[in-house]
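> have a look; sequence and predicted model below, questions after that.
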2 protein chains.
Amino acid sequence: MAMGRPRQFDVDKALDQALQVFWRKGYEGASMADLTEAMGITKPSLYAAFGNKEELFRKALDRYVDGPGGYVQAALAKPTIRAVVEHLLYEAADAVTDPDHPAGCLAVQGALSCGDAAESIKQELMARRATGEDDLRKRFERAIPEGDLPAGSDAADLARYISAILQGMAVQAAGGTTREQLRKIAEMTLRTWPPPVSAV
Amino acid sequence: MAMGRPRQFDVDKALDQALQVFWRKGYEGASMADLTEAMGITKPSLYAAFGNKEELFRKALDRYVDGPGGYVQAALAKPTIRAVVEHLLYEAADAVTDPDHPAGCLAVQGALSCGDAAESIKQELMARRATGEDDLRKRFERAIPEGDLPAGSDAADLARYISAILQGMAVQAAGGTTREQLRKIAEMTLRTWPPPVSAV
DNA sequence: TCACTTATCTAACGGTTGGTAGGAAACTCA
DNA sequence: TGAGTTTCCTACCAACCGTTAGATAAGTGA
């Protein structure tokens, strides 16, 4: 097997560099010149290995979800709802302020609003955020009959509430808010979790 | 006075159109062609009237803060902290889902992350968000000796908490969350407001 | 060694970006 | 009417955008 000239760079390492650039500059703001420079390869090599800019972003996004964004899936596997929400909030506070990565969350700041050319990437990120929220909703839904959330809780509302706080923390981090400050937001959220079921 | 050929377009109306485009596509994603088309003027007219793209954005941003974003300052003037927070949350839910405007908040999605050319715009938006948060902090600070917030409350923490939720709602709106759904987030936040002072 | 395959590079592609020169048009004032 | 002032539009600029053609280099299998 393995015919032809062997690749002279590590695809995964290059992808990690691309991820860093997309994370910091967003899909639109990251130029091919930025990307190739960070990845240490030339443009034809990039196109041969990754397709085009859009495919490269999607691959970097997959890597993000499995790597720095992996805490979301990990949190969902916790045994109790309190543990799920606790991990979600605290791990998010850490993840969006990790000094080894750009501040914030790729799924939020990758293409929150953009020109026509990036529209499909924006849609992809919207879909990913929606999926994460839906996973959380399902986890909450399962907890209600188990008695792990108050009877009468609306799983979808609670999932949106937590998602909004996580996304707000990401925006805060992009604005320079520190890890300690974000942890206090997590703490305040947990101090009143779950919000009491509406009397209506 | 008023010498020379009179301007054939309404500067404020043109600025409103520019605002719409920036709001929907972000600073980077909005091209001069997008802008001139929406504003109904040619490029030289735009440059003569507004300077350049960056100045145009700043003027559109001012108009945003005084117009669709005016609810923030209005909320701060409410007599009690509960009224301040109530108005902030509910007016935000309405503002970021106003059918007459793009979904979301210009101060969040105008340039959350971007390329080098837009860096100063990103900084400007960060500063604006920080200022809004600081205004809220001051309002909270004033309320503590008045007994309108529990003794021992940390005004800065509370301001960050509310700001994060508002920004999270903006991201949610950009993702298609409806007004009714956002109002439930506001409701849940208020049901547990203010979060009890930490026992630490 | 020679054919085949794949990766590498330089150099360029057409299109779009933000921004302008230069002249015609439309107004005020004398 | 004519000088002065400002806006208008057409056409253009250099620089950059994402993308690729085409030649060369480096490996495998026979």
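Nice, I can see it.

> which elements pack onto the helix or strand hosting A:Glu54?
If you go by DSSP states H and E, A:Glu54 is part of helix A:53-66. Secondary-structure packing of helix A:53-66 (3 or more CB pairs under 8 Å, 6 or more residues apart in numbering or on different chains; DSSP states H and E): helix A:11-29, helix A:32-39, helix A:43-50, helix A:106-109, helix A:119-143. Any C-beta I mention is one placed from the backbone N, CA and C, and that applies to glycine too.

> rerun at 6 Å
Packed against helix A:53-66 by the contact rule (3 or more CB pairs under 6 Å, 6 or more residues apart in numbering or on different chains; DSSP states H and E) you find helix A:11-29.

> any residue of the helix holding A:Glu54 touching DNA strand D?
Yes: using CB under 7 Å from any atom of the strand, helix A:53-66 reaches DNA strand D at A:53-54.

> on the three-state scheme, A:Ala111 is what?
At A:Ala111, secondary structure determined by DSSP: H, G, I helix; E, B strand; the rest coil is coil.

> right, I mislabeled it, should have said A:Ala164
A:Ala164 ends up helix, using three-state DSSP.

> on that earlier part again, how distant is the helix holding A:Glu54 from the center of its chain?
11 Å (CA atoms, centre = their mean, to the nearest Å).

> what's the average pLDDT for that helix?
For helix A:53-66, the mean pLDDT works out to 98.

> give the buried residues for it.
A:53, A:56-57, A:59-61, A:63-65 (16 or more other CB atoms under 10 Å in any protein chain shown).

> where does chain A dip in pLDDT?
Applying pLDDT under 70 to chain A flags the ranges A:1-2, A:199-200.

> what does it put close to DNA strand C?
Residues of chain A lying near DNA strand C (CB under 7 Å from any atom of the strand): A:3-9, A:41-45, A:48-49, A:115.

> which among the residues you listed are in contact with chain B?
A:Gly115 (CB under 6 Å from any CB of the partner chain).

> now list the buried members of the residues of chain A next to DNA strand C.
A:41, A:45, A:49, A:115.

> quick one: contacts for the spatially closest residue to A:Phe140 that is not a sequence neighbour?
Nearest non-adjacent residue to A:Phe140, counting by CB to CB, 6 or more residues apart in numbering or on different chains: A:Ala155, 3.7 Å away. Residues in contact with A:Ala155 (CB atoms under 6 Å, 6 or more residues apart in numbering or on different chains) are A:137, A:140-141.

> can you do 10 Å?
A:136-144, A:149 (CB atoms under 10 Å, 6 or more residues apart in numbering or on different chains).

> using TSV, please lay out these together with distance to B:Leu35 and neighbour count.
Formatted as TSV, the contacts of A:Ala155 follow (distance: CB to CB, whole Å; neighbours: other CB atoms under 10 Å in any protein chain shown):
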residue	distance to B:Leu35	neighbour count
A:Leu136	39	25
A:Arg137	39	19
A:Lys138	43	14
A:Arg139	44	22
A:Phe140	44	23
A:Glu141	45	16
A:Arg142	49	13
A:Ala143	49	20
A:Ile144	49	17
A:Leu149	48	22
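
> redo these as TSV? Include distance to A:Ala103.
Below are those laid out as TSV (distance: CB to CB, whole Å):
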residue	distance to A:Ala103
A:Leu136	23
A:Arg137	27
A:Lys138	30
A:Arg139	27
A:Phe140	29
A:Glu141	33
A:Arg142	33
A:Ala143	32
A:Ile144	35
A:Leu149	32
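
> now do A:Asp100 against chain B, distance only.
Using CB to the nearest CB, to the nearest Å, we find A:Asp100 at a distance of 17 Å from chain B.

> quick check: that residue touching A:Pro68?
Yes: if you go by CB atoms under 10 Å, A:Asp100 and A:Pro68 touch, sitting 8.6 Å apart.

> with neighbour numbers in mind, choose between those two.
A count of neighbours by other CB atoms under 10 Å in any protein chain shown puts A:Pro68 above the other of A:Asp100 and A:Pro68, at 18 against 6.

> quick one, what contacts the more buried one?
A:19, A:23, A:95-96, A:98, A:100-102, A:105-106.

> just send those back as TSV, with distance to A:Leu182 too.
Listed next are the contacts of A:Pro68 as TSV, based on distance: CB to CB, whole Å:
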residue	distance to A:Leu182
A:Leu19	22
A:Trp23	17
A:Ala95	10
A:Val96	7
A:Asp98	12
A:Asp100	16
A:His101	15
A:Pro102	15
A:Cys105	12
A:Leu106	17
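
> between those residues, which is closest to B:Gly168?
A:Cys105 (11.4 Å; CB to CB).

> now for the closest one, how many residues are close by?
A:Cys105, neighbours per other CB under 10 Å, totals 27.
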